[in-house]
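Q: any chance you could fold what I've pasted below:
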Amino acid sequence: YFDGTLKNRNINDIFILENLGLKIIIDYNKGFIEVSGKIKSGKYNLNFDNSSQLLSGLLFALPLLEGDSEITIENLVSVPYIDMTIEILRKFSIHIENYAFRSFYIKGKQSYIPNKISIENDWSNSAFLLILKEFNKNLDITNLNENSKQGDKIIVEIITNAINNKCLNFNAINNPDLIPALVPLCLNLDGKSYIYGINRLINKESDRAGAIYKEYSKLGANIEVSDNSFIIAKSNLNYAEVDSHNDHRIAMSLATSALLSGNGITLSNANCVDKSYPNFFNDLKSVGAKL
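A: Numbers count the residues shown, from 1 in each chain. This is a model prediction of the structure:
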């Protein structure tokens, strides 16, 4: 069963599993998924142009089957997350042969072997803090693994280039979770910035592209939507009452922009940050934010 924002989120990618022998029924109104059958090993040509999450799940499951499997990929997005998946599987003695993220060979009859690992801090959520730090040198963000496989650690490079060039040009097709964090950055750069790949935002906890445009427009932000991109210019934001759309990254984005502008906001449904960063507002208070 599922509820909350998932009822408004297209999860039809799961029907890909019918290629592997399962039968899937999804009822969005009642909020349930019915799965029957058994995954079969074999050779598959699959399309993952909306999300890489299902592919990660298959890479966890297929090594346990009796037979070997080979997956050829069309239009894979969020490649760094697959890299992380393969790395974590390796730590538990599961081997995946990766051919340039275009195909994967998964030998059957493998076994997971217990291991002790340390869970890294999250670069995606830390992006908001790192942007605040860029405009407040008194902040110090620690305990981030600079050698991480997390693709969103690219935020450090993005910030450095944006500050040096006084604008941002970035295709976020493989890093869609960074887009809400990049908006506050772009609003504080002197030049005009472009963020491409925003179609990846439509099918998230909210329609993030629509939510960003709607809520930032209330604040007076100079933000345009063109095809598959945001065009953002430096803006002096006003005070406004805004809504998180029950989306943790929208809430953190708006809060970050409010702190950078100095004019504040009233943010409704702010507790949605509990999904990924329950201490977000407490951490902001600990460095002087008035909430």
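Q: and the next element down the chain from whatever helix or strand Leu132 lives in?
A: Using DSSP states H and E, Leu132 sits in helix 123-134. Scanning forward in sequence from helix 123-134 by DSSP H and E, the next helix or strand is helix 155-165.
Q: list the buried residues of that next one.
A: For helix 155-165, a neighbour-count test (16 or more other CB atoms under 10 Å) marks 155, 158-159, 162 as buried. Backbone N, C-alpha and C define where each C-beta goes, glycine included.
Q: what packs against that helix?
A: helix 123-134, helix 179-186 (3 or more CB pairs under 8 Å, 6 or more residues apart in numbering; DSSP states H and E).
Q: what residues does the first one touch?
A: Right, helix 123-134. Helix 123-134 is contacted from outside by 139-141, 144, 148, 150, 152-153, 155-156, 159, 163, 177-178, 181-182, 184-185, 252-253, 255-256, 259-260, 276-277, 280, 283, using CB atoms under 8 Å, 6 or more residues apart in numbering.
Q: just the buried members of those?
A: Buried, going by 16+ other CB under 10 Å: 144, 148, 150, 152-153, 155, 159, 177-178, 181-182, 184-185, 252-253, 255-256, 259-260, 277, 280, out of these.
Q: give me every residue that touches the residue nearest to Ile154 when sequence neighbours are not counted.
A: Take Ile154 and drop its neighbours on the chain: the residue closest to it by CB to CB, 6 or more residues apart in numbering is Asn175, 6.3 Å away. Asn175 makes contacts with 78, 80, 151-152, 154, as judged by CB under 8 Å, 6+ apart.
Q: in the helix or strand containing Ile26, what counts as buried?
A: Using DSSP H and E, Ile26 sits within strand 22-27. Buried residues in strand 22-27, counted by 16+ other CB under 10 Å: 22, 24, 26.
Q: sec struct for the residue nearest to the last one when sequence neighbours are not counted, please.
A: Taking CB to CB, 6+ apart as the measure, Ile26 lies nearest to Ile33, with 5.3 Å between them; neighbours along the chain are not counted. Secondary structure, DSSP: H, G, I helix; E, B strand; the rest coil: Ile33 is strand.
Q: count of residues packed around Ile33?
A: By the measure other CB atoms under 10 Å, the count of residues near Ile33 is 14.
Q: from Leu17, how far off is it?
A: In this view, Ile33 and Leu17 are 10 Å apart by CB to CB, to the nearest Å.
Q: now the common contact residues for these two.
A: By CB under 8 Å, 6+ apart, the residues touching both Ile33 and Leu17 are Ile24.
Q: identify the residues contacting the residue lying closest to Gly21 once chain neighbours are set aside.
A: Using CB to CB, 6+ apart and skipping the chain neighbours, the partner closest in space to Gly21 is Lys40 (4.0 Å). The neighbourhood of Lys40, defined by CB under 8 Å, 6+ apart, consists of 20-21, 65, 67.
Q: and Lys40, what's its pLDDT?
A: Each residue has a pLDDT score; the one for Lys40 is 95.
Q: can you pull out the helices in this structure?
A: 53-61, 79-91, 123-134, 155-165, 179-186, 208-218, 248-261, 280-286 (DSSP state H).
Q: hmm, who's touching the shortest one?
A: Contacts of helix 280-286 with the rest of the structure, by CB under 8 Å, 6+ apart, involve 125, 128-129, 251-252, 255, 259, 270, 273, 289, 291.
Q: list the buried residues in stretch 116-135.
A: In stretch 116-135, counting by 16+ other CB under 10 Å, buried: 123-134.
Q: pLDDT and distance to Leu55 for the residues you listed - can I get that in JSON lines?
A: Formatted as JSON lines, the buried residues of stretch 116-135 follow (pLDDT from 0 to 100; distance: CB to CB, whole Å):
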{"residue": "Trp123", "pLDDT": "96", "distance to Leu55": "21"}
{"residue": "Ser124", "pLDDT": "95", "distance to Leu55": "19"}
{"residue": "Asn125", "pLDDT": "95", "distance to Leu55": "23"}
{"residue": "Ser126", "pLDDT": "96", "distance to Leu55": "25"}
{"residue": "Ala127", "pLDDT": "97", "distance to Leu55": "24"}
{"residue": "Phe128", "pLDDT": "97", "distance to Leu55": "27"}
{"residue": "Leu129", "pLDDT": "96", "distance to Leu55": "30"}
{"residue": "Leu130", "pLDDT": "96", "distance to Leu55": "28"}
{"residue": "Ile131", "pLDDT": "96", "distance to Leu55": "30"}
{"residue": "Leu132", "pLDDT": "95", "distance to Leu55": "34"}
{"residue": "Lys133", "pLDDT": "95", "distance to Leu55": "34"}
{"residue": "Glu134", "pLDDT": "94", "distance to Leu55": "34"}
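Q: nothing else from me, thank you.
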